[in-house]
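K.L.:
Task: produce atomic coordinates for the following.
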Amino acid sequence: AGIMLARYAGDEVLDGLMRTRRIEDPLPEAIDRAFEFVMNNVQSTTTLVGARRVEVSQYPPEVVKEAIINAVAHRNYSISGSRITIWIFDHRIEVKSPGRLPNTVTLENIRYGVSFSRNQFIVKLLNNYGYIELLGQGIPMMIRRMREHVGREPDFAEIGEQFVVTLHGER
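P.N.:
Now for the predicted structure:
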């Protein structure tokens, strides 16, 4: 299956590729390595909270992790020759997962926690490892946290045979 990550130099693919990583580890390690790569390749700022300096990421870490976990848990593994791709730009992250939304899940109702486990074994494994809770609250949490963090919700789209989540970062 695998995950392919790319960090671009600007806001478009044509701005130039800075670095890539190909991950083909067991699922829990793949999630952790992909998350680490993304967080190491996005901007952060330091702000004062009282007398303490606190680092604030361009994206809420829990939202980035949720997008990666969802891509791994819900991708369509029967589409051979494809992989999850994560593109990191200066002001957005695109997480692309092979396969359209499953069953009765739509771009509208996913926002309210409607979910369907296409890969029940993988979902159970990720639940056992503590990555997911099986409550369907990941997407609503992402929407809320991104709205609080940057004032803009993630974009969810089906493009061809891919489900794409776009996180918009602060400029």
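K.L.:
going forward, measure contacts between C-alpha atoms and count neighbours the same way
P.N.:
Will do.
K.L.:
The strand or helix carrying A34: what's the following helix or strand?
P.N.:
Taking DSSP states H and E as the criterion, A34 maps to helix 27-40. Following helix 27-40 in sequence order, the next helix or strand is strand 44-49 (DSSP H and E).
K.L.:
just to revisit the earlier point, what separates the helix holding A34 from the chain centre, distance-wise?
P.N.:
In terms of Cα atoms, centre = their mean, to the nearest Å, the centre of helix 27-40 is found 10 Å from the chain centre.
K.L.:
which sections of this protein are below the confidence cut-off?
P.N.:
Applying pLDDT under 70 to the chain flags residues 1, 171.
K.L.:
If we use 80, what do you get?
P.N.:
Scanning the chain for pLDDT under 80 picks out 1, 134-135, 170-171.
K.L.:
what are the ranges of the strands in it?
P.N.:
3-8, 17-23, 44-49, 52-57, 84-88, 92-98, 155-159, 162-168 (DSSP state E).
K.L.:
Now do the second one and strand 84-88, the angle between them.
P.N.:
Yep, that's strand 17-23 we're talking about. Between strand 17-23 and strand 84-88, the angle comes out at 150 degrees (axes from the mean of the first three to the mean of the last three Cα atoms, to 10 degrees).
K.L.:
Distance-wise, check the residue of the chain most remote from its centre relative to P102.
P.N.:
Distance from the centre of the chain peaks at A51, with 33.1 Å (Cα atoms, centre = their mean). As judged by Cα to Cα, to the nearest Å, A51 and P102 stand 49 Å apart.
K.L.:
need the contact list for the most centrally placed residue in the chain.
P.N.:
Centroid-nearest residue in the chain, with Cα atoms, centre = their mean: A67, separated by 2.5 Å. By Cα atoms under 8 Å, 6 or more residues apart in numbering, A67 lies in contact with V95, V165.
K.L.:
what's the spacing between it and R145?
P.N.:
For A67, the distance to R145 (Cα to Cα) stands at 12 Å.
K.L.:
do V56 as well
P.N.:
V56 is 14 Å from R145, where distance means Cα to Cα.
K.L.:
between those two, who's got more neighbours?
P.N.:
Between V56 and R145, counting by other Cα atoms under 10 Å, R145 is the more crowded of the two (20 against 13).
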